[in-house]
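>>> structure of the sequence below:
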Amino acid sequence: MFLAGFIVLSCVKLLYLPSYKSTDFEVHRNWLAITSSKNLEDWYYESTSPWTLDYPPFFAWFEFALSKAAYYFDPGMLKIKNLNYASSKTILFQRLSVIVTDFLFAYGAWLCTKNMHNLKSIQARGPSRDAAVFFLLIANAGLFLVDHIHFQYNGFLFGVLLLSVGAIMQDRFLTGALWFSVLLNLKHIYVYIAPAYFIFLLRAYCFHKNNFYFSRLYKLAFVVLFICASSFGPFMFQMQQVLSRLFPFKRGLCHAYWAPNFWALYNTADKVLTIAGKKSGYLQISGTPEASMTGGLVQDIEHVVLPSVPPLATFVTTFVMMLPALIKLWRAPTSINFIRSLTICGWCSFLFGWHVHEKAILIMIVPMTLLSVISKQEARFFLILAITGHFSLFPLLFKHQELYTKALLHICWSVLAVKMLKRVHRMEILCLWEKLYLLSGCLVFVYSEILHSMIPGAAKYQFLPLLCYSLYSTFGVVTTFLRFYRFFLVQ
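Reported below is the predicted structural model:
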């Protein structure tokens, strides 16, 4: 059944081979060219294209491996100077590479599914539970939009994460640490959830019956350091250059499309206060600096009324918000609390982190899929987060021809999720107010995608649809975060 489901979904993905692709398509084509045609010591210095290599070394090796197969499709894609190269064979290869590597995601989903019985306090039982977990993972609408239309390799990366979580569900702690170390060296954004791993592995593996075992700590440290040395060792003499690529802090507090997080509210408040101050005469501004936040550009920004936020402030805020969850995990280091704490760490980083991409919301949605069958409360939190989070990704696909595609995929997955979880828990999951909130997203969609362009002078307010998506989604993401956090702490 599981294999058949994966094959059917892969066939659906094949239908989207010619669909819209973002600049990330060119990013990954360029990385194929860099790793295949440049010497190792030049990978993180190459800058012919603006889309320079800015992922950790293991992902660079992943691109290098793909380039060996890419050569047999179209060698032209592997030439550094062929910027924006998108022949039909190049498109075919890159699309297929995402579909094929999704097998790792499906395998990770299967591994977690077959070990769900190891989670204590789980209320749901039987095949309906396992089917719900597996199919809600592999059919994730957000991953479909981001990977198979917008274009990225998040499914492959989340597959590694699920391999790690699945190993921990089996009490194979060193294997779980190994896979997570590999994941960090594939994409460093997963440092968001590293505190949960650190606390859990230290407490659950290195301690036993309140006795601390240094031998276990040495084994754990060896695994992590071995993976990191294997990744960064070949670049040890250019570490400063590599790190400058991985952590470009000049990109600004928010991404071009505001992620639905706390800083979206902060930016909006500053914008409202600025407009109110100008109209009342209390605020005198030369030029239009207040527009810098709503220009749709990746850049460093300055707030006008509220204090501008430096990177350090976001790091401190994020860590402080994580602390209660980490303390709870230390006191009760069970695998189910690990998944909950992992989700909260990702959530805190998403809400308060520096330059958060809207796609990072998947870091909470994927592990919380496992929690959705634990209890009715967690099923409710999952549905609101996932439906709202997937909806917040719509601005990534802004072409008119993708309008019906993203709406259809989102609706189909949302209905499937509600029906499957209702069957698992044998009761209604969402209350009336939650249903009304989710349905009100239709108003945001109709205005942003259809009505806004009909307004005279709409070009002057081109950021308004993005703002509507962000603020609507922020309400659901923030309120659900507070409810889930409280639920976790009182368990």
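>>> number of nearby residues for residue 17?
15 (other C-beta atoms under 10 Å). C-betas here are computed from N, CA, C, even on glycine.
>>> for residue 438, same thing?
18.
>>> so it makes contact with residue 387?
Yes - counting by C-beta atoms under 8 Å, residue 438 touches residue 387, with 5.5 Å between them.
>>> overlap in contacts, these two.
414, 476 (C-beta atoms under 8 Å, 6 or more residues apart in numbering).
>>> who does the host helix or strand of residue 94 touch, helix- and strand-wise?
Residue 94 belongs to helix 88-114 when elements are defined using DSSP states H and E. Applying 3 or more C-beta pairs under 8 Å, 6 or more residues apart in numbering; DSSP states H and E, one finds that helix 88-114 contacts helix 2-14, helix 23-37, helix 57-70, helix 127-138, helix 154-169.
>>> just name the most buried of these.
Comparing these by mean neighbour count (mean count of other C-beta atoms under 10 Å), helix 154-169 ranks first with a mean of 25.
>>> elements contacting it?
Contacts defined by 3+ C-beta pairs under 8 Å, 6+ apart place helix 154-169 against helix 88-114, helix 141-145, helix 173-184, helix 335-352, helix 362-371.
>>> skipping its backbone neighbours, what lies nearest the residue nearest to the spatial centre of the chain in space?
Nearest to the geometric centre of the chain sits residue 360, at 2.7 Å (C-alpha atoms, centre = their mean). Spatial nearest neighbour of residue 360, excluding adjacent residues (C-beta to C-beta, 6 or more residues apart in numbering): residue 350 at 5.4 Å.
>>> contact partners for that neighbour?
192, 259, 261, 356, 360-361, 363-364, 477.
>>> related to what we said a few turns ago, turn the helices and strands packed on helix 88-114 into a markdown table, columns for mean pLDDT.
A markdown table is the format used below for the helices and strands packed on helix 88-114 (pLDDT from 0 to 100):
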| stretch | mean pLDDT |
| --- | --- |
| helix 2-14 | 87 |
| helix 23-37 | 95 |
| helix 57-70 | 97 |
| helix 127-138 | 88 |
| helix 154-169 | 97 |
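>>> can you count the residues close to the closest residue to residue 77 other than its chain neighbours?
Distances taken as C-beta to C-beta, 6+ apart place residue 90 nearest to residue 77, at 4.3 Å, with adjacent residues excluded. Using other C-beta under 10 Å, residue 90 has 20 other residues around it.
>>> tabulate the helices and strands packed on helix 88-114 in JSON lines, adding columns for distance to residue 460.
Formatted as JSON lines, the helices and strands packed on helix 88-114 follow (distance: least, C-beta to C-beta, whole Å):
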{"stretch": "helix 2-14", "distance to residue 460": "39"}
{"stretch": "helix 23-37", "distance to residue 460": "25"}
{"stretch": "helix 57-70", "distance to residue 460": "40"}
{"stretch": "helix 127-138", "distance to residue 460": "41"}
{"stretch": "helix 154-169", "distance to residue 460": "35"}
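>>> for residue 81, find the nearest of those helices.
helix 23-37 (8.6 Å; C-beta to C-beta).
>>> the inter-axis angle of the closest one versus helix 57-70?
Helix 23-37 and helix 57-70 are oriented at 80 degrees to each other (axes from the mean of the first three to the mean of the last three C-alpha atoms, to 10 degrees).
>>> below-threshold pLDDT in the stretch 51-200 of the chain: ranges please.
Scanning the stretch 51-200 of the chain with the threshold set as pLDDT under 70 gives 120-127.
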